[in-house]
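In: Please work out how this folds:
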Amino acid sequence: MDTLTTEKKRILFIAANPEGTKVLDLKGEFQEIIDALERSKSIEKFEIEIIDEAQPEDFQTGLVVFKPNIVHFAGHGEKKGPIVIGENSLHIIDRKVLSELFALCSEHIECAIFNACDSSPTAEIIGKYINYVIGMNETIKDKSAISFSSGFYEALGAGYTVQEAYKLGKVAIGMKGQNKGYKTPRLIEGKKKFLKTPPRSNGKPIMLAISSHIHYSHKEMIEKADRLLPLYQYFNDRKLQKGSWEDLKFKIKQFLSRMIKLENEYHLFLPLHSSLAFFTGSVLNFKCSAKISVFQTTGELNLLPLHPKEDSKNTNTWNTDKIKTLQNGNDLAIALSINNPIINDVKDYIDDRQLSIPHIIHLFLDKISQDAIQDAAHSFKLATIAKNIIDENYKGKGIERLHLFLAAPNIFTLMLAQQIWTIPNVLVYEHDPKAKDANKYIPAVTI
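Out: Reported below is the predicted structural model:
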């Protein structure tokens, strides 16, 4: 069983009793939560924010600004969603829309309680994104709702797990003789993959997934993951729509540092933008001695070791061109064509943006295709040769910044990042195949 993390917990209490609905003792429920935490002698471990007479927008403001770990809604509900105060007395928040809000705030929310009638369908859909969600199977009397809150928070404050606190909340209903209400609360245990604690190995490889875009073919692999870092909510296709690349770097580094222990074996599934794959590789540099294999997602799905021991016999290797641009300066661009030939787009982009890049080193394979890399040894060999070519053109040349353009599978990108992570000031570009002319690249991740 899993307990909440140990930092000071933020509880957001959202209450709504619209005009024309049955009057509820919501202030009494809030006070009972305070009293329960005081009885457990842990009130100082919690920071509590209350939104009274909640309107639709208050849910979003509370979750986004306060960043609660526990969200508690008290009021009326329907199967469609919770009822709050609207322009015409009341407003039902669509549970599907609400689930999108919880999905976007899932990194800080550990538990949600919908202490309202018929809220089980709302809990169920939000449970796709949150570890623990409690809803009500049917109507629940006001006294039973308050009793549940009392027992739940008293147990949570005393150090019990969410699952145990949920059961003790139900016991608290029964202890007061409210036997019908005893069966009303329902706990939805969300997908364990969203937990922030590292999974146990139990002698088997642990599967971690980091995903910045969604494809129907990824669904089965995502479902198999022991832990998942979802980043797709920050993107609209290839374009970053929310946050910054620095934010995503922080999230990836934090996720990997939490999850990877040197004594375990890991399988990584990484449907990532190439710039984020490169950053992931820089985090998993050669100093990381854990045994790691990566699923290659281009072509046939293969599990490839990140540190292959065998030598490659594949003869599909690099050709190199040094191409002059129309620009002056002290930067250098490296363009690598494995999946697709990209040199024309790269040159157009540099000249159009008038970047301080006088030369592009173009590395391209004899045979450029989506399945050009067949095995880990071949990928590692290509990454090693590419690293040597980059060193020849970078070291001692007075280069101020290295600009990296990639059309490559993520296994190669990871391996290259592992080998050149010591080079300072590398800017990795993201490719947007839907963009026109010289707009096909976006400066993304700086290493």
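In: Just the buried positions in the helix or strand bottoming out on mean pLDDT in the chain, please.
Out: When the helices and strands of the chain are compared on mean pLDDT, DSSP states H and E, helix 179-182 comes out lowest with a mean of 72. Neighbour counts over helix 179-182 (16 or more other CB atoms under 10 Å) mark 181-182 as buried. Any C-beta I mention is one placed from the backbone N, CA and C, and that applies to glycine too.
In: Now for L248, how many residues are close by?
Out: 25 (other CB atoms under 10 Å).
In: That one is in what secondary structure piece?
Out: Using DSSP states H and E, L248 maps to helix 245-259.
In: before we move on, the earlier item: can you list the residues that contact the least confident helix or strand of the chain?
Out: Here helix 179-182 makes contact (CB atoms under 8 Å, 6 or more residues apart in numbering) with 140-141, 143-145, 147-148, 170, 173-174.
In: Repeat the analysis, applying 10 Å as the threshold.
Out: For helix 179-182, contacts defined as CB atoms under 10 Å, 6 or more residues apart in numbering pick out 136, 138-145, 147-148, 169-176.
In: Which of the residues you listed fall in helices?
Out: Of the positions in the contacts of helix 179-182, 142-145, 147-148, 169-175 sit in helices, assigned by DSSP state H.
In: which among the residues you listed gets closest to F364?
Out: G169 (63.1 Å; CB to CB).
In: Let me see the contact set for the closest one.
Out: Each residue near G169 by CB under 10 Å, 6+ apart is listed here: 36, 113, 115, 134, 147-156, 182, 185, 187.
In: and if you look at A435?
Out: Contacts of A435 by CB under 10 Å, 6+ apart are 238-239, 345, 349, 441-442.
In: Each with direction, which strands does whichever helix or strand I134 is part of pair with?
Out: I134 belongs to strand 132-136 when assigned by DSSP H and E. Sheet partners assigned to strand 132-136 using DSSP bridges are listed as strand 111-115 (parallel), strand 185-189 (antiparallel).
In: Run a quick neighbour tally on A103.
Out: 18.
In: quick one: secondary structure of the closest residue to it other than its chain neighbours?
Out: Counting by CB to CB, 6 or more residues apart in numbering, A103 lies nearest to Y129, which is 4.2 Å off, once chain neighbours are set aside. Recorded secondary structure, Y129: coil (DSSP: H, G, I helix; E, B strand; the rest coil).
In: after the host helix or strand of T413 comes which helix or strand?
Out: Secondary structure assigned from DSSP H and E places T413 in helix 410-420. Remark: after helix 410-420, the chain's next helix or strand is strand 426-431, criterion DSSP H and E.
In: the inter-axis angle of that next one versus helix 410-420?
Out: Following axes from the mean of the first three to the mean of the last three CA atoms, to 10 degrees, one obtains 170 degrees for the angle between strand 426-431 and helix 410-420.
In: Each with direction, which strands does strand 426-431 pair with?
Out: Going by DSSP bridges, the partners of strand 426-431 are strand 402-407 (parallel), strand 441-446 (antiparallel).
In: okay, D351: pLDDT?
Out: pLDDT for D351: 93.
In: Distance of it relative to I85?
Out: Distance check for D351 against I85: by CB to CB, to the nearest Å, it reads 57 Å.
In: who's more crowded, these two?
Out: I85 (20 against 14).
In: Might one say that the more buried one is in contact with I93?
Out: No - taking contacts as CB atoms under 10 Å, I85 lies outside contact range of I93: 11.1 Å.
In: so what's in contact with these two at the same time?
Out: Residues touching both I85 and I93 by CB under 10 Å, 6+ apart: 16, 54-56.
In: What is the nearest of those to T413?
Out: For the shared contacts of I85 and I93, with T413 as the reference and CB to CB as the criterion, the closest is P56, at 42.9 Å.
In: ok, the closest one touching P18?
Out: No - P56 is beyond contact range of P18, at 11.4 Å (criterion: CB under 10 Å).
In: so what sits against both of the two?
Out: 84-86, 91.
In: In strands only, show me those.
Out: When DSSP state E is applied, these are split such that 84, 91 fall in strands.
In: Looking at the shared contacts of P56 and P18, state which has the most neighbours.
Out: V84 leads these on contacts (other CB under 10 Å) with 25 neighbours.
In: Run a quick neighbour tally on the residue nearest to that residue when sequence neighbours are not counted.
Out: Sequence neighbours aside, A16 is the residue nearest to V84 in space, at 4.2 Å (criterion: CB to CB, 6+ apart). By the criterion of other CB under 10 Å, A16 has 29 neighbours.
In: and if you look at I214?
Out: I214, neighbours per other CB under 10 Å, totals 14.
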